[in-house]
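[1] sharing a sequence plus its predicted fold:
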Amino acid sequence: MNTKTFPLLLLLAGLPLFAKAAPVVIDTVPVRDAGNTTDTSGYGKVLYEYRIGRFEITIGQYIEFLNAVAATDTHGLYHLGMESEAAVAGVSRSGTAGSYVYAAIGNPDRPIALVSWFDAARFANWMSNGQPVGLQSPTTTEDGAYTLLPPFNHVGFVKNAINPNTGRPPLWWIPSEDEWYKAAYYNPTRNGGAGGYHFYPIQSPLDNVPYSAGAGGATSPDASLAGNFRRDDGIANGYNDGYAITGSPVYPTSNALAKVGSYGLASTYYGTFDQGGNVLEITDGIVNSGGTLYRAARGGSWFDDESIMRSTFRLNLNPDTEAVGIGFRLATVERTTQRIRFATPRRSQLGVGSRFTLGVSSTSGLPVTVTSSDRRVLSVRGLSAKVKRAGRVILTASQAGDEFSLPATNVSKRVRIR
């Protein structure tokens, strides 16, 4: 078959055409200090270590997701405002259902906006499933970290203990409200090392009100206290002039989003950026307000004033809400250490011509690789060893780790064959 005609044949056959997506790599930071104290708000205590995105999910990352699973956008992962809403426009769509293709408008390193909790959950599923390409189905977007079944208008979806597609815990998820809160506000060095919380998601020693400023805060009195949010003091001096990026109190008719991480001096203690401002971030928290259940969102956006960035504020969202100031970041596992157990081969096993099984394993349960320093003396295939002749050899066991486990320290055994 002429491969140049293959896409055309797919279209003629009515089959969806998926663009080849580049792998999405999410930069994360470790959040340690397990079992930290709870804040006075009642949030922030986390009993385990985990990792969270250093940055919000970007337009570029979301485009790769769309091109992988939204050639036919069954569940509306794309919002028309991603192209038409000037303040947050970043994604264009061309083609027709079955052959949609998505591309960036402007800088793809800005955060994606106009997404709902369901969009974030499907992105987490896709990441947990290894970024597959295909229709929106249980193996791509509808199962994984979350099992999503209609109707899609309530909060009764919880993170799975096991991803049905991998048989292992989900690798990515929407952070719980406590996970998000701790990463944003907790600082173990506060209160003389006893730990404590900041009022804003920046490391302000005195919990000063942040400055609204563009250019990564360079035009503000202190770039370590700056962010992309709305604040107007009525003085045109390069900061607190209204919307941070445009420097005007008038609602933006052009881009209002900052490149993620551009406020490089205004990180949290754990090294995240933009948890205050840029986009309000969806969490996995569930809120009961007057008998109605909502998802919790935190951190404020380019559209909000500084009060929304405070640790005392949360916004209750319907899970299907999509708005110009709403985005998300993901959390993932903190890889655990593992050890290799390697039993020294017994002398009775080391006769020339003998075969035996190496006694080696890892505490993670992952397979161990064993290599021989001299295959002419002793060869290894899998965990099966064959003694070929007299001599000395070093057997080295290694385990490279995976998404859940760190690489193990190699273990070597010196073997003498007489």
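    Nice, I can see it.
[2] contact partners for the residue positioned nearest the centre of the chain?
    Centroid check for the chain by Cα atoms, centre = their mean gives Leu330 as the closest residue, at 3.5 Å. By Cβ atoms under 8 Å, 6 or more residues apart in numbering, the contact list for Leu330 reads Ile26, Ile52, Gly53, Ile57, Ala120, Phe123, Ala124, Met127, Trp172, Trp173, Ile174, Pro175. Using the backbone N, CA and C atoms, a C-beta is placed for each residue, glycine as well.
[3] avg pLDDT for stretch 121-140?
    Averaging pLDDT along stretch 121-140 yields 98.
[4] actually, stretch 58-77.
    The model assigns stretch 58-77 a mean pLDDT of 98.
[5] stretch 217-228 now?
    96.
[6] report the buried residues of it.
    Across stretch 217-228, burial judged by 16 or more other Cβ atoms under 10 Å covers Gly217, Thr219, Ser220, Asp222, Ala223, Ser224, Leu225, Ala226, Gly227, Asn228.
[7] for the stretch 201-350 of the chain, what spans make up the strands?
    Secondary structure of the stretch 201-350 of the chain (DSSP state E, counting those that start in this stretch): strands at 211-212, 226-227, 230-232, 241-243, 280-289, 292-298, 315-317, 326-327, 331-333, 340-342.
[8] could those strands go into a markdown table alongside distance to Pro30?
    Compiled in a markdown table, those are given as follows (distance: least, Cβ to Cβ, whole Å):
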| stretch | distance to Pro30 |
| --- | --- |
| strand 211-212 | 29 |
| strand 226-227 | 23 |
| strand 230-232 | 32 |
| strand 241-243 | 34 |
| strand 280-289 | 19 |
| strand 292-298 | 20 |
| strand 315-317 | 27 |
| strand 326-327 | 22 |
| strand 331-333 | 10 |
| strand 340-342 | 24 |
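[9] of those, which approaches Glu142 most closely?
    When these are compared by Cβ to Cβ, strand 280-289 sits nearest Glu142, at 17.3 Å.
[10] which other helices and strands contact the closest one?
    Strand 280-289 sits against helix 177-185, strand 292-298, strand 315-317, strand 326-327, with contacts defined as 3 or more Cβ pairs under 8 Å, 6 or more residues apart in numbering; DSSP states H and E.
[11] who wins for most neighbours among the contacts of Leu330?
    The most crowded member of those, judged by other Cβ atoms under 10 Å, is Pro175 (29 neighbours).
[12] phi, psi for that one please.
    Main-chain torsions, Pro175, degrees, to the nearest 10: phi -60, psi 140.
[13] ok, now which ones touch it?
    Taking Cβ under 8 Å, 6+ apart, we find Pro175 in contact with Ile52, Ala183, Thr283, Asp284, Arg329, Leu330, Ala331.
[14] just confirm Phe229 contacts Asp305, I think it does.
    Yes. Contact status for Phe229 versus Asp305: in contact at 6.6 Å, counting by Cβ atoms under 8 Å.
[15] more crowded one of those two?
    Using other Cβ under 10 Å as the criterion, Phe229 and Asp305 rank with Phe229 on top: 26 against 12.
[16] show me the contacts for the more buried one.
    When contacts are counted by Cβ under 8 Å, 6+ apart, Phe229 touches 210, 212, 244, 276-277, 300-302, 304-306, 308-309.
[17] tell me the one of those nearest Gln349?
    Nearest to Gln349 among the contacts of Phe229, counting by Cβ to Cβ, is Gly276 at 62.6 Å.
[18] ramachandran angles for the closest one?
    Taking degrees, to the nearest 10, you get phi -120, psi 110 for the backbone angles of Gly276.
[19] and for it, the neighbour number?
    32.
[20] mind pulling up the pLDDT for it?
    Note on Gly276: pLDDT of 96.
[21] indicate which one of the strands of the stretch 201-350 of the chain is closest to Tyr62.
    Tyr62 lies closest to strand 326-327 among the strands of the stretch 201-350 of the chain, at 9.1 Å (Cβ to Cβ).
[22] off-centre distance for the closest one?
    14 Å (Cα atoms, centre = their mean, to the nearest Å).
[23] and stretch 391-405, by the same measure?
    A distance of 29 Å separates the C-alpha centroid of stretch 391-405 from that of its chain, computed with Cα atoms, centre = their mean.
[24] swap in stretch 405-418?
    The answer for stretch 405-418 is 35 Å, by Cα atoms, centre = their mean.
[25] distance between the ends of it?
    Its first and final residues considered, stretch 405-418 spans 38 Å by Cα to Cα, to the nearest Å.
[26] could you give the mean pLDDT of it?
    Stretch 405-418 comes out at a mean pLDDT of 94.
[27] which residues touch that stretch?
    With Cβ under 8 Å, 6+ apart as the criterion, stretch 405-418 contacts 335-340, 342, 344-345, 350, 352, 360, 362, 364, 366, 368, 377-378, 387, 389-401.
[28] right, and the strands of the stretch 201-350 of the chain - which one's nearest Tyr48?
    strand 331-333 (9.5 Å).
[29] and that closest one, what does it pack onto?
    Using 3+ Cβ pairs under 8 Å, 6+ apart, strand 331-333 sits against strand 50-53, strand 172-173.
[30] before we move on, back to that, check contacts around the closest residue to the residue nearest to the centre of the chain other than its chain neighbours.
    What sits nearest to Leu330 in space, not counting adjacent residues and going by Cβ to Cβ, 6 or more residues apart in numbering, is Trp172, at 4.9 Å. Trp172 makes contact with Ile26, Ala124, Met127, Ser128, Ala145, Leu330, Ala331, Thr332, according to Cβ under 8 Å, 6+ apart.
[31] ok, these vs Tyr43, which is closest?
    Ala331 (15.1 Å).
[32] since that was my last question, I'll sign off now.
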